[in-house]
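> predicted structure and sequence below. I'll ask about it afterward.
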Amino acid sequence: MNKVFAILVFIGVPLSVIGSLLHWSSTLMFIIYCVAIIALASFMGRSTESLSIIAGPRIGGLLNATFGNAVELIIAIFALKEGLIGVVLASLTGSVLGNLLLVAGLSFFIGGIKFKRQSFNIHDARHNAGLLIFAVIVAFVIPEIFSMSMNEEKTMIFSIGISIILMALYLAALFFKLVTHRGVYNKGDEDGKKKVEEVPEWSKGKSILVLALATLAVAYISENLVHTFEEVGKTFGWSELFIGVIIVAIVGNAAEHASAIIMAAKNKMDIAVEIAVGSTLQVAMFVAPILVLISLLFPVAMPLVFTVPELITMVSAVFLMVVISNDGESNWFEGGTLLAAYFIIGIGFYLL
């Protein structure tokens with residue numbers, strides 16, 4: 001599989017450059033860009049897997065989520081530049097839904113087929129559950145309710161205030177997990193088995209270099225990808241909402257998708273869950289707020305106000321994930337439940 005992705009990178013990236021210079025059809029370029037980004041994401045996943053072996057599951061999961069979300073952040077910034085506020089908000093929604101339902105669902109399902117019962121750190125699961133409820137329900141739903149009684153200017157000021165608070169709390173959460181309480185809630189070796197020493201595929205230096213180069217390539221391709229949305233939407237009959245929630249979210253989060261599933265198949269559920277849930281928290285508490293602040297640099301500012309379908313689906317995904325993961329265990333049926341919820345929501349957004 002790695003060889004296939006390598007071939008796709010060496011073919012897809014040059015074709016992306018040539019096609020953008022020669023102005024090939026938007027539909028063809030959309031396909032080429034998506035394939036190239038997904039192939040590049042596989043390299044990002046492999047490099048972060050190596051780093052997770054070197055640095056540990058928490059830092060590895062954080063790195064994977066950060067570089068995976070860097071793809072989506074880059075796409076969103078170029079979309080903001082083009083004034084596509086609806087696409088950006090929809091892509092944030094899609095990222096939350098994709099990580100909690102699709103990524104976690106596939107991880108639980110595929111891992112559960114291979115292993116009847118998989119476990120992960122229950123303390124991390126409960127800590128993340130509280131943050132998920134705060135980030136999505138408190139920070140996303142409340143602005144929607146208050147904005148009904150505010151004008152655009154006050155709504156924007158409110159969004160800026162919430163964004164600053166969210167970013168501050170996210171940094172505090174990282175400090176809590178990685179500094180003040182690092183190792184306090186580590187899961188003991190329940191079976192008394194010795195840990196198998198793993199050898200990373202790449203060295204620390206090579207992993208960081210691959211991450212940096214892949215991110216740069218994704219940044220270039222993402223800028224061009226944004227310009228194809230309007231034409232592709234007309235060709236396939238996709239709404240702006242569907243493109244943001246499903247297409248941009250899947251392409252933008254391809255790195256997390258691949259890495260989390262690989263980790264689950266290797267029975268490394270701590271990393272798989274950290275990628276899926278950690279990425280969601282990063283989107284809700286850091287990526288979304290920073291996009292609100294960056295939007296102030298462009299002609300059209302983006303308030304942190306989602307549509308009712310977006311809010312209801314995100315809240316539903318959070319509650320479902322919290323209930324399923326709060327016991328610190330997973331199986332294939334729980335994964336299937338998460339996937340079923342994602343497909344139902346996907347059909348709804350397609351028909352909306």
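Nice, I can see it. Just so we're clear, the structure is a prediction, and the values are computed from it rather than from any experiment.
> counting contacts, what elements does whichever helix or strand residue 344 is part of pack onto?
Using DSSP states H and E, residue 344 maps to helix 332-351. Packing partners of helix 332-351 (3 or more Cβ pairs under 8 Å, 6 or more residues apart in numbering; DSSP states H and E): helix 104-114, helix 240-242, helix 308-325. The way it works is simple: take the backbone N, C-alpha and C, and place the C-beta from them, glycine included.
> ok, which of those comes nearest residue 162?
Closest approach to residue 162 among the helices and strands packed on helix 332-351 is made by helix 308-325 (14.3 Å; Cβ to Cβ).
> could you tell me the angle between that closest one and helix 104-114?
30 degrees (axes from the mean of the first three to the mean of the last three Cα atoms, to 10 degrees).
> and the strands in the stretch 101-250 of the chain, which stretches?
For the stretch 101-250 of the chain, applying DSSP state E, counting those that start in this stretch gives strands covering 118-119.
> need the helices for it, in chain order.
Under the criterion DSSP state H, counting those that start in this stretch, the stretch 101-250 of the chain carries helices at the ranges 104-114, 122-132, 142-147, 152-175, 204-226, 229-236, 240-242, 249-252.
> okay if I get these as JSON lines plus mean neighbour count?
Shown next, in JSON lines, are these (neighbours: other Cβ atoms under 10 Å):
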{"stretch": "helix 104-114", "mean neighbour count": "22"}
{"stretch": "helix 122-132", "mean neighbour count": "18"}
{"stretch": "helix 142-147", "mean neighbour count": "16"}
{"stretch": "helix 152-175", "mean neighbour count": "16"}
{"stretch": "helix 204-226", "mean neighbour count": "18"}
{"stretch": "helix 229-236", "mean neighbour count": "16"}
{"stretch": "helix 240-242", "mean neighbour count": "19"}
{"stretch": "helix 249-252", "mean neighbour count": "25"}
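> re the thing from before, tell me the average confidence for the helix holding residue 344?
The average of the pLDDT scores along helix 332-351 is 93.
> pull out the buried positions in it.
332, 334, 335, 337, 338, 339, 341, 342, 345, 346, 349 (16 or more other Cβ atoms under 10 Å).
> same list (those residues) but as JSON lines, adding distance to residue 245.
JSON lines is the format used below for those (distance: Cβ to Cβ, whole Å):
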{"residue": "332", "distance to residue 245": "26"}
{"residue": "334", "distance to residue 245": "23"}
{"residue": "335", "distance to residue 245": "21"}
{"residue": "337", "distance to residue 245": "20"}
{"residue": "338", "distance to residue 245": "16"}
{"residue": "339", "distance to residue 245": "16"}
{"residue": "341", "distance to residue 245": "14"}
{"residue": "342", "distance to residue 245": "11"}
{"residue": "345", "distance to residue 245": "8"}
{"residue": "346", "distance to residue 245": "8"}
{"residue": "349", "distance to residue 245": "5"}
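> run through the protein and note the low-pLDDT ranges.
1, 56-58, 60-61, 64-65, 68, 183-197, 252-256 (pLDDT under 70).
> just the closest of the buried residues of helix 332-351 to residue 290, please.
Using Cβ to Cβ, residue 349 is the member of those that lies nearest residue 290, at 24.7 Å.
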